[in-house]
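[1] Sharing a model prediction with you, sequence too.
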Amino acid sequence: MRASFPKSCLVLTGLVAAACEQGPTPEPVSSRSQAVELTDVAPELTVSSGNASAAKSGNASVVDPDLTVTDSDGGTLDGARVSIDSGYVQADDTLAFTSQHGITGSFNAANGVFSLAGNASAADYQDALRSVTFQTTGSGSRTISFSLGAGSLYSPATGHYYQ
């Protein structure tokens, strides 16, 4: 059923409200209220398939230049984490990135976790995460993980993030 309103009406969709000027002889206006539940859709981070390689020479290599970050409801992100999950050698390994879009970062050498912080869009975090580099003077393979959200807590003991 389609509602019809007089010419001079303001209809706010999503709020389900209408205010109308009826003119000199007001007519009854029916109204209806409906509760609307808004759901925050979590942003999504998708890493590319395959393996990145870094030379032992100590030169930094970009970890994942093709990862994507999307947020279907256009919200603002407040942080991200990048961690060396397995094979981390404190004396040999480092993660870094290029500060941009108001996003800053710091590497915690004690646990191999790089934290990014700052309020920015999903596209801005995608740019920042695509610039993350891994550098090592050691050998062997490493597993590097990404997560979104400043509240992410990483446990090296379990290899899991907790919120």
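    On my side now, so go ahead.
[2] In this structure A128 contacts T104, no?
    No. Contact criterion CB atoms under 8 Å: A128 and T104 do not qualify, at 9.4 Å. From N, CA and C alone the C-beta is placed, and that goes for glycine too.
[3] overlap in contacts of these two?
    Residues touching both A128 and T104 (CB atoms under 8 Å, 6 or more residues apart in numbering) are L116.
[4] Show me which of these two is the more surrounded one.
    Using other CB atoms under 10 Å, the more surrounded residue of A128 and T104 is A128, with 25 against 13.
[5] Next one, pLDDT for the more buried one please.
    A128 is assigned a predicted lDDT (pLDDT) of 97.
[6] now it, nearest residue through space, not along the chain?
    Closest residue to A128 apart from its sequence neighbours, by CB to CB, 6 or more residues apart in numbering: I103 at 4.6 Å.
[7] so what's the one you found up against?
    With CB under 8 Å, 6+ apart, I103 has these contacts: L116, A117, G118, A120, D124, Y125, A128.
[8] per-residue pLDDT, the fifth one?
    Confidence at D124, expressed as pLDDT, is 96.
[9] and the gap between the spatially closest residue to D92 that is not a sequence neighbour and D93?
    Once flanking residues are discounted, D92 sits nearest to G138: 3.3 Å by CB to CB, 6+ apart. According to CB to CB, to the nearest Å, G138 and D93 sit 7 Å apart.
[10] And these two? Which one has more around it.
    D93 (21 against 13).
[11] you'd agree the more buried one is up against D85?
    No. Using CB under 8 Å, D93 is not in contact with D85, being 11.5 Å away.
[12] who touches both of the two?
    Listed as contacting both D93 and D85 by CB under 8 Å, 6+ apart are G112, R142.
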